[in-house]
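1. Provided below for reference: sequence and predicted model.
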Amino acid sequence: MDHIDPAQVGHKPNSIRQRLNDRRASETFDVECEGLSYTAIISRFSDGRLGEIFLTNTKAGSGADTAARDAAIAVSIAFQHGADPEIIRRALCRDSQGKANGPLGTALDLIAAQDRGQP
């Protein structure tokens, strides 16, 4: 795994939480991971940075659903404190081919690809 210097990326962690606007646009998309289906909802700050992500599994209340929701809540708090989504995306678990193992990594991969203009 490559080392990423936060100073080179342009994001600096912040102890003060940056709140998203109460009324904001959101994007919804489906995520498939390890044979399970999830729904992701993302919102961005006014400058386009990722500000939050919500993940839910089709089996509400299941272990997979709870784990995905908890991971999304934690990473959303990190984003709102200045964490770089790319650093987090690259740090999450992956298989030997580089494919994300979990729904959060899969969702962040899809977002990164979209942001780079890839289908």
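-> Received, thanks.

2. from now on I want contacts and neighbour counts done on CA atoms only, so please keep to that.
-> Will do.

3. let me know the average pLDDT across the helix ranked longest in the chain.
-> Counting by DSSP state H, the longest helix found in the chain is helix 63-80. Averaged over helix 63-80, pLDDT sits at 96.

4. contact partners of that helix?
-> Residues from elsewhere that reach helix 63-80 (C-alpha atoms under 8 Å, 6 or more residues apart in numbering): 17-20, 50-59, 85, 103-104.

5. buried stuff in that helix?
-> Going by neighbour count (16 or more other C-alpha atoms under 10 Å), the buried part of helix 63-80 is 64-69, 71-73, 75-80.

6. related to what we said a few turns ago, mark which of the contacts of helix 63-80 are part of helices, please.
-> Per DSSP H, the contacts of helix 63-80 map to helices at 85, 103-104.

7. tell me which element the spatially most central residue of the chain falls in.
-> Nearest residue to the geometric centre of the chain (C-alpha atoms, centre = their mean): L108, 4.4 Å. Assessed by DSSP states H and E, L108 sits inside helix 103-115.

8. now the angle between helix 63-80 and that helix, please.
-> Angle of helix 103-115 versus helix 63-80, following axes from the mean of the first three to the mean of the last three C-alpha atoms, to 10 degrees, is 50 degrees.

9. which other residues reach helix 103-115?
-> 31-33, 38, 40, 55, 68, 71-72, 85-86, 89, 92-93, 99-100, 119.

10. where does pLDDT dip in this structure?
-> 1-14, 119 (pLDDT under 70).

11. swap in 50 and give it another go.
-> Counting by pLDDT under 50, the chain shows low-confidence ranges at 1.

12. on that earlier part again, and the contacts of helix 103-115, which are buried?
-> 31, 38, 40, 55, 68, 71-72, 85, 89, 100.

13. before we move on, the earlier item: distance between the longest helix of the chain and the chain's centre?
-> Centroid displacement of helix 63-80 relative to its chain, using C-alpha atoms, centre = their mean, to the nearest Å, is 9 Å.

14. same check on stretch 104-119?
-> Worked out by C-alpha atoms, centre = their mean, stretch 104-119 lies 9 Å from the chain centre.

15. give the pairing partners of the strand or helix carrying D30; include direction for each.
-> D30 belongs to strand 26-33 when assigned by DSSP H and E. Applying DSSP bridges to the sheet, strand 26-33 is found paired with strand 36-44 (antiparallel).

16. alright, that wraps it up for me.
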